[in-house]
Structures are given as structure tokens and as C-alpha cells.
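1. Generate a structure from the sequence data that follows.
(one chain, ligands or ions: 1)
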Amino acid sequence: MKYQELVNVYEALSNTTKRLKKTDILANFFKKVDDETLPIVTLLALGKVFPFYSEQEMGIGDKLVMKAISKVIGVNENEVENQIRDQGDIGAAAEKLYSKKSQTTFFSQPLSIKFVFSNLKKLATISGNNSTNKKISIILELLSSASGTEAKYITRTITEELRIGVGEGIIRDAISDAFDINKSVTERAYMLTNDLGLVAEVGKNQGENGLKKLSLTPGKPVKPMLAQLSPNIDESILEMGEALCETKYDGIRMQVHKNGDNITIFTRRLENITKAIPEIVNEIREAFPDENYIAEGEVIATRNGKPLSFQNILHRVRRKYNIEEAIESVPLKVYLYDLLYYKKPTLDEPIKIRREILEKIVNTKSDNLNLSEKAMVNEDNLKDAKRLFEKSIAEGHEGIMIKDAKEPYIPGIRGKKMLKFKAEPETLDVVVVGGTYGIGKRGNFIGSYMVALRNDDEELETVAHVATGLTDETLAKLTKMMEKYKINEKGTKIIVKPKIILEIAYSEIVKSPEYDAGYSLRFPVVKRIRDDKGLEDIDTVERLKSMYKE
Ligand SMILES: Nc1ncnc2c1ncn2[C@@H]1O[C@H](COP(=O)(O)OP(=O)(O)OP(=O)(O)O)[C@@H](O)[C@H]1O
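-> Numbering: from 1, shown residues only. Got it, this is the predicted structure:
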């Protein structure tokens with residue numbers, strides 16, 4: 001199938017902001033695509049070449065792409081840079097420059113989707129000697145056979161900025177519509193496998209029954225079950241009848257997979273962090289029986305018995321070098337709290353049973369590996385939950401989790417079956433879309449950040465400017481990140497790609513016509529940079545509205 005056909009779909013998608021329309025466009029396209037190309041286009045429609053959980057990333061800087069464009073068009077790099085500034089992004093700039101190109105490539109073969117995809121994959125895997133030149137020549141090969149619109153989307157895919165407003169949710173719905181499958185079946189199949197290509201393929205060829213048979217595979221990460229806020233501990237427990245209450249540790253969520261001899265550890269964003277924490281891999285190997293399993297827990301860092309800050313842990317689990325040294329300086333502890341697979345899938349068992357199996361099979365004799373502290377609570381012993389909460393706070397943890405004892409694990413859903421109750425007021429996770437440089441002494445720093453939430457159509461809506469809560473060190477770090485993601489700059493204002501996630505505390509949600517969301521936050525304060533979250537994890541306008549009503 002020709003790449004131009006996918007490009008026509010991209011264009012149609014970027015011409016509408018309506019979620020239903022986008023879903024419809026994609027569903028019609030999926031119906032037409034052949035079996036081999038179908039998994040590929042589910043990734044390309046997201047602007048991706050590798051699935052989310054893959055360790056592979058594109059990692060190609062804008063500069064390299066600019067260089068390639070300048071060679072293909074035969075203009076100097078300054079002109080490409082000027083176009084990017086005028087058009088707002090590299091793709092639109094490439095399209096514009098192509099339209100001025102005098103020499104057309106009549107004799108070249110039209111690009112096929114498969115050819116573009118395999119070249120993009122190749123790009124990401126080149127390393128070592130002379131790799132920059134090799135990368136340039138692959139980009140050149142693609143761009144020299146491309147039309148203007150094809151070049152627009154090839155360059156955007158390479159720089160990982162597709163800008164067509166399509167997220168996983170729309171692709172999932174489009175698969176459902178294309179192959180006439182109940183949305184909840186597609187959703188669950190995706191949450192369990194994290195593989196849109198597989199879901200599309202099985203949905204097309206085996207329908208709903210085939211998708212229902214998809215399950216967990218140790219080694220392949222699962223989307224984590226998420227928690228809602230509990231308004232009140234007692235009320236939540238009474239509603240559930242019986243609750244498994246546990247300490248809420250403020251660390252990194254970890255999903256441990258054992259398949260054969262291999263142990264793999266993923267974060268909540270499904271990043272593979274196995275290599276950074278070899279001591280934990282060893283502890284886990286020792287503590288579990290030699291079976292296949294998937295367990296979940298929180299990893300925290302401690303010093304003198306007290307939990308260290310979240311940033312410390314994040315640094316530690318992302319580390320690529322000097323790991324031995326880090327093992328000494330930032331010792332980690334793991335608290336396990338769930339079991340999704342043990343010899344076979346266990347996620348459909350109630351959490352009470354999953355916990356019992358976990359307790360039975362895990363040997364927690366090491367100081368660094370424990371099960372989460374727990375209390376089984378019902379109407380007769382509500383005090384135990386309060387006691388656990390107070391103890392958790394006194395030990396420096398965040399609060400407690402309240403889990404409905406009879407409920408299964410529901411991947412990827414933020415439902416009412418698992419709640420959290422924290423000592424500190426709830427915060428919002430937002431994405432930075434722009435900023436303003438400071439004045440005087442702070443002229444080199446971006447002092448104020450324009451932040452946004454997601455809406456139902458998977459677009460971003462601005463919600464506040466935040467300028468407090470930042471230490472000089474964080475300001476410097478954020479400014480550097482903003483410059484890296486810069487799309488446009490005018491005077492002291494800068495627009496950036498939506499890459500930086502901040503956790504924001506605030507005193508109140510108020511109505512405000514000034515922002516796209518129609519609401520804003522009073523006294524917003526940056527709590528921390530959430531490097532562990534991605535755009536798909538930020539809060540939604542819908543959630544903001546429901547919090548306002550509450
Ligand atoms: N005992 C526990 N059981 C389940 N989750 C726990 C536990 N202790 C800590 N956690 C953490 O709490 C998180 C659940 O809260 P939530 O679903 O709101 O995630 P979140 O958006 O990261 O929230 P937060 O910002 O409050 O951590 C889990 O992702 C996990 O990392």
C-alpha cells in the first residue's frame with residue numbers, strides 16, 4: 001500500500017478536532033489495509049515506530065532532519081530554520097520548502113508504507129562508527145522519493161511529533177468500529193497486551209472471540225490499574241464492605257515479569273528499567289519460586305531508614321552508568337502488593353486472594369524486599385484503617401490505599417475499586433505547552449509556565465500559568481528542557497512541544513474564561529517534575545470539572 005494513502009488519512013485527521021470523526025476516518029482506513037500493513041499503521045497513526053514498552057526509541061534530533069531537508073531541497077540550513085520558525089514545525093516547513101522545489105522526482109518509485117516503516121526502524125537502530133552519516137543517508141533516501149505532504153509526515157514521525165491529535169483511545173475505538181467489536185472487548189485486549197497491532201490483527205481475523213482469548217504474557221507489560229481519590233476512609237470501606245488497606249508508598253511503580261530465566265522490570269509507563277536495578281532483580285529471584293509470574297510493587301529509596309524523595313528514586317532507576325556506585329549511595333527497598341500471574345493468569349481473582357497467594361509464595365526474609373503493610377478492614381474494625389494511615393504518615397509515606405477485597409485487577413482503568421487517601425491535598429498532573437522568560441536577574445530562565453490538560457478529543461486545553469514552587473536548580477533544569485522542546489519563540493514567550501509533565505498543587509479550582517479549559521487553578525505551585533509520566537497520563541479537563549463540582 002502506498003505511503004501517500006496513509007498521508008491522505010493523516011491530512012484528513014488533522015483537518016478535524018472531533019474525536020468521532022477521527023475514529024471514523026481511521027476505521028474506514030483500517031478496513032482497507034491488508035493484513036501485513038495493519039499492525040504497522042496502528043503504530044504509525046500514533047506517530048510511533050516502536051510499541052510503548054520497547055526499549056528502542058527514535059532518538060533523532062531536529063538538527064539532523066534539518067540537514068537532510070536542506071540537502072534534498074538544495075537550500076542552506078538557515079533557510080530551513082527560518083521556515084520552521086515561520087511555519088511552527090519541521091513538517092510544515094518541509095512541505096513548504098518542497099512546494100518551492102524546482103526539480104521534481106518523477107522517476108522515483110512511489111513510497112510504500114512498508115518501505116517507510118522499515119527505514120524508520122532502521123534509523124533508530126543505527127549506532128557506532130559513522131552513524132550520523134548513515135542516518136542522514138536513510139533520511140535522504142526517504143525524503144528524495146517523497147512528495148511535499150509525504151515529507152511533512154516523514155519528518156514529523158522522525159522527530160516524534162505527528163500533530164494529528166490521535167491517541168491510543170481513538171485507535172482502539174477505530175479497531176472496534178472497523179471490525180464490529182464491542183469497545184470494552186477491544187479495550188481489555190489492549191490493556192492486557194499493550195499491542196495495538198496484535199489487537200487489530202486478531203480483531204480483524206478472529207473477531208470478538210479471538211480478542212477475548214488474548215491474555216497476559218509474562219515478559220510483556222500490562223497497563224497498570226489506577227486509583228481514584230477516597231473522600232473519606234470510613235465511607236469508602238463501608239461502601240466496599242471489606243477492604244484491603246495498605247500503606248501508599250511514594251516511589252516508582254514496578255511491574256516484575258519472570259518468563260523462563262528472564263526477569264524484566266517495567267515502570268508504570270512500561271519503561272524497561274531492569275538493567276538499572278540489578279540488586280532488585282537478584283532479591284526478587286531469591287524471594288520467588290522458580291515459576292513464571294507477574295507481580296507489582298513500589299520501589300522506594302531510603303537513607304537512614306527514611307524514604308528519600310521521588311526524584312532521587314527516579315534518578316536511580318533510570319541510571320545507565322556507574323550502577324554499582326549507585327547501589328551503595330541510593331539503596332532501594334521494594335514493597336510488593338499485587339500478583340497478576342503465577343503459573344497462569346491470576347488477575348481475575350479478587351485482590352484478597354491475589355494477596356494471599358503472594359504471601360504464600362514470597363519469601364520476605366530480606367530487609368530490602370517486603371510485602372506492603374496491610375490491614376483487612378470492615379465495619380467492625382474501621383479503627384485499624386485509621387491506625388494504618390497514621391502509622392504510614394509517621395513513617396514518611398504518602399497515605400493509604402483502600403482496595404475492594406472482592407475485586408479483580410482491571411488493567412489501565414482508574415476506577416472505584418482501588419482508592420487512595422493521602423495526607424496532602426490532591427494535585428494535578430499537567431503538561432507544559434509554553435512559557436515566559438523572567439526579567440532582570442532571571443532573564444535567562446523561563447520563570448512562568450503555561451500548562452494544559454487533555455480533553456475528550458485528546459487535545460490539550462490550557463488551564464493555568466504556574467510560576468511558584470521552583471528552586472533555582474529546577475528552574476535551570478526546566479529552562480534547558482524547554483529550549484530542547486522549543487517550537488517557536490516571540491519576544492520573551494516560548495511555545496514548546498508537550499513533553500514536560502508537572503505535578504501541580506493549588507488552593508482552589510475556579511471558573512475562568514481566560515483559559516481553554518474554562519477553569520483555572522488558584523495559587524498553583526509546582527510540586528515536582530513527573531519524569532515518570534507521559535502525555536497519556538496527564539489529568540483531563542473532565543476530571544477537573546468533576547473536582548470543581550465536588
Ligand atoms: N500499596 C500500594 N498499592 C497500590 N499502589 C500503590 C501502593 N503504594 C504505592 N502505590 C502507588 O500509588 C499509585 C496509585 O495511585 P494513582 O493511581 O493515583 O497513581 P498516580 O497517578 O501516580 O498517583 P500519585 O500521583 O498519587 O502517585 C500506584 O500507581 C502506585 O505507584
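2. give me the number of residues near the closest residue to residue 40 other than its chain neighbours?
-> Once flanking residues are discounted, residue 40 sits nearest to residue 117: 4.9 Å by Cβ to Cβ, 6 or more residues apart in numbering. Every C-beta, even on glycine, is put in place using the N, C-alpha and C of the backbone. Applying other Cβ atoms under 10 Å, we find 20 residues neighbouring residue 117.
3. do the same with residue 127
-> 9.
4. Quick check: the gap between residue 247 and residue 240.
-> 18 Å (Cβ to Cβ, to the nearest Å).
5. In terms of neighbours, single out the busier of the two.
-> Comparing residue 247 with residue 240 by other Cβ under 10 Å, the one with more neighbours is residue 247, at 23 against 20.
6. List the neighbouring strands of the helix or strand that one falls within plus their orientation.
-> Applying DSSP states H and E as the criterion places residue 247 in strand 243-248. In the sheet, strand 243-248 lines up against strand 374-377 (antiparallel), strand 399-404 (antiparallel) (DSSP bridges).
7. of those, which approaches the ligand most closely?
-> strand 399-404 (4.2 Å; Cβ to the nearest ligand atom).
8. Which residues outside that closest one are in contact with it?
-> Outside strand 399-404, the residues that touch it by Cβ atoms under 8 Å, 6 or more residues apart in numbering are 227, 230, 233, 236-237, 240-248, 337, 351, 372, 385, 388-389, 392-393, 416-423.
9. same question, stretch 34-49
-> By Cβ under 8 Å, 6+ apart, stretch 34-49 touches 1, 6, 9, 13, 26, 29-30, 33, 50-51, 56, 58, 113-114, 117, 120-121, 124, 156-157, 160-162, 164, 166-168, 171, 175, 196-201, 204-205.
10. What are the buried residues along that stretch?
-> 37-49 (16 or more other Cβ atoms under 10 Å).
11. Would you format those residues as JSON lines with pLDDT and secondary structure included?
-> Below are the buried residues of stretch 34-49 laid out as JSON lines (pLDDT from 0 to 100; DSSP: H, G, I helix; E, B strand; the rest coil):
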{"residue": "37", "pLDDT": "97", "secondary structure": "coil"}
{"residue": "38", "pLDDT": "97", "secondary structure": "helix"}
{"residue": "39", "pLDDT": "96", "secondary structure": "helix"}
{"residue": "40", "pLDDT": "97", "secondary structure": "helix"}
{"residue": "41", "pLDDT": "98", "secondary structure": "helix"}
{"residue": "42", "pLDDT": "97", "secondary structure": "helix"}
{"residue": "43", "pLDDT": "95", "secondary structure": "helix"}
{"residue": "44", "pLDDT": "97", "secondary structure": "helix"}
{"residue": "45", "pLDDT": "97", "secondary structure": "coil"}
{"residue": "46", "pLDDT": "94", "secondary structure": "coil"}
{"residue": "47", "pLDDT": "93", "secondary structure": "coil"}
{"residue": "48", "pLDDT": "92", "secondary structure": "coil"}
{"residue": "49", "pLDDT": "93", "secondary structure": "coil"}
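12. ok, those residues vs the ligand, which is closest?
-> residue 46 (21.7 Å).
13. Now do the strands in the stretch 1-150 of the chain.
-> Secondary structure of the stretch 1-150 of the chain (DSSP state E, counting those that start in this stretch): no strands located.
14. now the helices: where do they sit in it?
-> 3-14, 19-32, 38-44, 62-73, 77-87, 90-100, 113-125, 131-144, 148-158 (DSSP state H, counting those that start in this stretch).
15. Contact residues of the stretch 151-300 of the chain facing the ligand?
-> With the criterion set to Cβ under 6 Å from any ligand atom, the stretch 151-300 of the chain comes near the ligand through 224, 226, 227, 246, 247, 248, 249, 253, 268, 298.
16. Derive a PyMOL selection command for the buried subset of those residues.
-> A single PyMOL command selects the buried members of those (16+ other Cβ under 10 Å):
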select buried, resi 224+226+227+246+247+248+249+253+268+298
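17. ok, so of the residues of the stretch 151-300 of the chain next to the ligand, who is nearest residue 439?
-> Of all those, residue 268 has the smallest distance to residue 439: 38.6 Å, by Cβ to Cβ.
18. contacting residues for the residue nearest to the closest one when sequence neighbours are not counted?
-> Using Cβ to Cβ, 6+ apart and skipping the chain neighbours, the partner closest in space to residue 268 is residue 253 (4.2 Å). Contact analysis of residue 253 by Cβ under 8 Å, 6+ apart lists 224, 267, 268, 296, 297, 298.
19. picking up where we left off before, comparing the strands paired with strand 243-248, which comes out most buried?
-> strand 399-404 (a mean of 26; mean count of other Cβ atoms under 10 Å).
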